[in-house]
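Student: my questions are about this predicted structure, shown below with the sequence.
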2 protein chains.
Amino acid sequence: MKSHDVVMAWFTDELASGRLQVGDQLPSERALAERLGLSRNTLREALRVLEVLGAIESSTGSGPRAGTFVTASHGPAISTVFRLQMATRQVTPEDVFRVRLALETQAAAQASPERGDWEGAAALLTRMDDPSLPVAEFLRLDAEFHVLCSRAAGNTLLSVLMDALRLVIADHTLERAAALTDWKAVVAGLQREHRALLDALREGRGADAAAHLERHIRGYYGITAEAGAV
Amino acid sequence: MKSHDVVMAWFTDELASGRLQVGDQLPSERALAERLGLSRNTLREALRVLEVLGAIESSTGSGPRAGTFVTASHGPAISTVFRLQMATRQVTPEDVFRVRLALETQAAAQASPERGDWEGAAALLTRMDDPSLPVAEFLRLDAEFHVLCSRAAGNTLLSVLMDALRLVIADHTLERAAALTDWKAVVAGLQREHRALLDALREGRGADAAAHLERHIRGYYGITAEAGAV
DNA sequence: AGGACCAGCGTGGTCCGACCACGCCCGCGC
DNA sequence: GCGCGGGCGTGGTCGGACCACGCTGGTCCT
């Protein structure tokens, strides 16, 4: 067993037994290294992994806010893995697009009208109506709107994946949008579809929402493809 | 900028520029540390992260097979993140099940008859016919069969996610199956469905395959749920 | 001359001890 | 009583050292 696995096993065991929960503070690196029978350097390698994986967070200094704490922000970690996969040419934006479509339609089909933050979603759409909004900002809000809608499915894994995928293709999406000639007309169409989707979701018409979503995403993908974007 | 990010930036840049490709060997830790202006300990923290993320692989010793090499096996990494999420009670097996269903039906709908390894899939099914096969082994082959089918979609990201999800719920699936009373009858039904799915896939009936798949997965999930499994 | 063997060397893996920057906390001094 | 500054513990980084491993080339025996 690698030393690294010792730390990972200890950590997951502490979590499973409930001795450690999200928000709790870990022992100091020096203390933990001694307890696990490792050197501080080796322990730190494992802790750094857990940090990148979004399982812990560290701050320097002293006092109640200093030290290492258990967190649960795994989204960026998944995003990092996906990014690496794209860097090694293993995954294409097309792949990401397809997976996103599958996940989001599934989320819409399972969405519960009570669980969604529809006021927040509507507020986002209002902000996106502003014609002076830069393209990048519109796309950011657009992605946020979609993630918010997918959260109504009550599936944490689905939300995390959606968020990770959004981050991965953010740059690519921006490039595509930049190639469009009549951006304002496209925005108007997108906003119409957004509102139809939102209405379907808050009224519990899941299948309807999924259909709207599929048209919405495929449509935008087609428009940007025609515009000669990469 | 954190030292850790220096290494990550260097690595992704090398990949993006093509100076580093999958299969290539990295400089030795001592040399790389000096080149990046870091201590070997700090560098190793970053390398360990890349290793867990499935981007590199290290072997001790000397010669052409020793050293650190660029790889692209990110599946286990994603699986690790998901496992951590389940450990922190952020994600439930139900969540994983739903996402898997969405991904797999999408994969079936996009599957291309030419791209699949149908002989390999059929061989798997034949092995799964063996009545003396332990439950755990059957489930392992079953998961392998599903991953193999999903690969026909030609979407690396989808395949990787499928594989990661399979690893995450492997234990949970085994528990569910153990609660069944008439395992042999269930196997017979599953195998019938597998063959119908395989036929639909190799004949290019994507929508048909997706429908088969949905019934197949939902059906098994329902049976094990009735059996009182967790 | 050919083959078996072994020491050397470079690799990653681990450990130690040290120093730094930071930020709360307590006690000193006003 | 109040303000302030040093103490101390935190993570962050560094340099050096030793280990186990496994190829590699040379030596030595046949």
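Tutor: Nice, I can see it.

Student: drop to CA atoms for contacts and neighbour counts, all remaining ones
Tutor: Fine.

Student: tell me who's in contact with the residue sitting nearest the centre point of chain A.
Tutor: Nearest to the geometric centre of chain A sits residue A:163, at 1.6 Å (Cα atoms, centre = their mean). By Cα atoms under 8 Å, 6 or more residues apart in numbering or on different chains, the contact set of residue A:163 is A:75, A:147.

Student: for the lengthiest helix in chain A, buried residues please.
Tutor: Longest helix in chain A, counting residues (DSSP state H): helix A:156-178. Using 16 or more other Cα atoms under 10 Å in any protein chain shown as the test for burial, helix A:156-178 gives A:156-169, A:173-174, A:176-177.

Student: any idea which helix or strand comes after that helix?
Tutor: Proceeding C-terminally, helix A:156-178 gives way to helix A:183-202 as the next helix or strand, assigned by DSSP states H and E.

Student: now do that following helix and helix A:156-178, the angle between them.
Tutor: With axes from the mean of the first three to the mean of the last three Cα atoms, to 10 degrees as the basis, helix A:183-202 and helix A:156-178 are set at 160 degrees to each other.

Student: tell me the mean pLDDT for helix A:183-202?
Tutor: Mean per-residue pLDDT for helix A:183-202: 93.

Student: what sits up against whatever helix or strand comes next after that helix?
Tutor: Moving toward the C-terminus from helix A:183-202, the next helix or strand (DSSP H and E) is helix A:206-226. By Cα under 8 Å, 6+ apart, the list of residues contacting helix A:206-226 from outside reads A:101, A:104-111, A:176-177, A:179-180, A:190, A:193, A:196-198, A:200-201.

Student: buried residues in helix A:206-226?
Tutor: A:206-210, A:212-214, A:216-217, A:220-221, A:223-224.

Student: quick one on the thing from earlier: let's see the longest helix of chain A as CSV, backbone CA atoms only.
Tutor: Taking Å, rounded to 0.1, in the frame of the first residue of the first chain, the C-alpha atoms of helix A:156-178 are listed here in CSV:
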residue,chain,number,x,y,z
THR,A,156,-26.3,16.7,-6.6
LEU,A,157,-24.1,14.6,-8.9
LEU,A,158,-26.0,15.9,-11.9
SER,A,159,-25.6,19.5,-10.8
VAL,A,160,-21.9,19.1,-10.1
LEU,A,161,-21.3,17.5,-13.5
MET,A,162,-23.3,20.3,-15.3
ASP,A,163,-21.2,22.9,-13.5
ALA,A,164,-18.0,21.1,-14.4
LEU,A,165,-18.9,20.8,-18.1
ARG,A,166,-19.9,24.4,-18.2
LEU,A,167,-16.5,25.5,-17.0
VAL,A,168,-14.7,23.2,-19.5
ILE,A,169,-16.4,24.5,-22.5
ALA,A,170,-16.8,28.1,-21.4
ASP,A,171,-14.0,29.3,-23.7
HIS,A,172,-15.1,27.3,-26.6
THR,A,173,-18.7,28.6,-26.2
LEU,A,174,-17.4,32.2,-26.3
GLU,A,175,-15.4,31.6,-29.5
ARG,A,176,-18.5,30.2,-31.1
ALA,A,177,-20.7,33.1,-30.1
ALA,A,178,-18.1,35.6,-31.3
